[in-house]
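# Sequence first, then the predicted structure:
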Amino acid sequence: MTAELGCPRIDCSVVLVGLMGAGKSAIGRRLASRLGIPFVDADEEIESAAGCSISDIFEIHGEAAFRDGERRVIARLLSRPPHVLATGGGAFMDPETRTAIRACGISVWLRADLELLVSRVSRRNNRPLLAGGDPREILRRLMNERHPIYAEADVVVESRDGPHEQTVEAVLGALGAHVEAQRREAAPDSSSASIEA
Ligand code: S3P
């Protein structure tokens, strides 16, 4: 697997965060292939570790047990070589998970407006948090609670209603700028040195 020409060179994992319907899995899959690194979906990993669906975990064991498993599975995934990791919408709300992501990855918040989220989540009914009420009202509440925390991500990219490739391009651009800023911070004199030379 090799990165496409012109894509930033990433030597740690890229972790996608954001609300249900933001496009973390769809964008993540395409992003991973552009960066030439594997794609991993945390929710799928949780399901295979538990041997049942997320809806069943919520129903049988409750949300607290799901969050516990989510924290452990994500910690394990973050120890793998660089990959693109799509996390479930609640994962970044956990302080331990945020710390682990900060330590070994670049976090990218895929921010989407309420209408887009509502239209995307209405295509499937596999999300237990949306099962007990009006998805629009639930998502509105979650936006209020979670957006201030998602805003702590290293990079923020607008997930737009259009071809996924557009959003992937925006993420690649933002990642490139982030990596370059980090490089400058680590070696503040390198650009002036090359000008002087
Ligand atoms: C959740 C989001 C879901 C899944 C679970 C809880 C949340 O993932 O992890 O149903 O708390 O927002 P997606 O964001 O991939 O739908």
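Good, I have the coordinates.
# got the buried residues for the lengthiest helix in the chain?
Longest helix of the chain, by residue count under DSSP state H: helix 164-186. By 16 or more other C-beta atoms under 10 Å, the buried positions in helix 164-186 come out as Thr167, Val168, Ala170, Val171, Leu172, Ala174, Leu175, His178, Val179. Any C-beta I mention is one placed from the backbone N, CA and C, and that applies to glycine too.
# Would you check that the last one makes contact with Ile10?
Yes - taking C-beta atoms under 8 Å as the definition, Val179 is a contact partner of Ile10 at 6.8 Å.
# what sits in contact with each of those two?
Counting by C-beta atoms under 8 Å, 6 or more residues apart in numbering, the residues touching both Val179 and Ile10 are Ile106.
# So which residues on this protein come close to the ligand?
Within the chain, the positions near the ligand by C-beta under 6 Å from any ligand atom are Met20, Lys24, Asp43, Ile54, Gly88, Gly89, Gly90, Arg127, Pro128, Leu129.
# Out of the residues you listed, list just those in helices.
Going by DSSP H, the helices hold Lys24, Asp43, Ile54, Pro128, Leu129 from these.
# Any regions of the chain where pLDDT drops low?
Filtered on pLDDT under 70, the chain yields the residue ranges 190-197.
# and the two most separated of the ones in helices among the residues of the chain next to the ligand?
Using C-beta to C-beta, those span at most 17.1 Å, a distance reached by Lys24 and Pro128.
# More neighbours: which of the two?
Taking neighbours as other C-beta atoms under 10 Å, Lys24 and Pro128 compare with Lys24 leading, 29 against 16.
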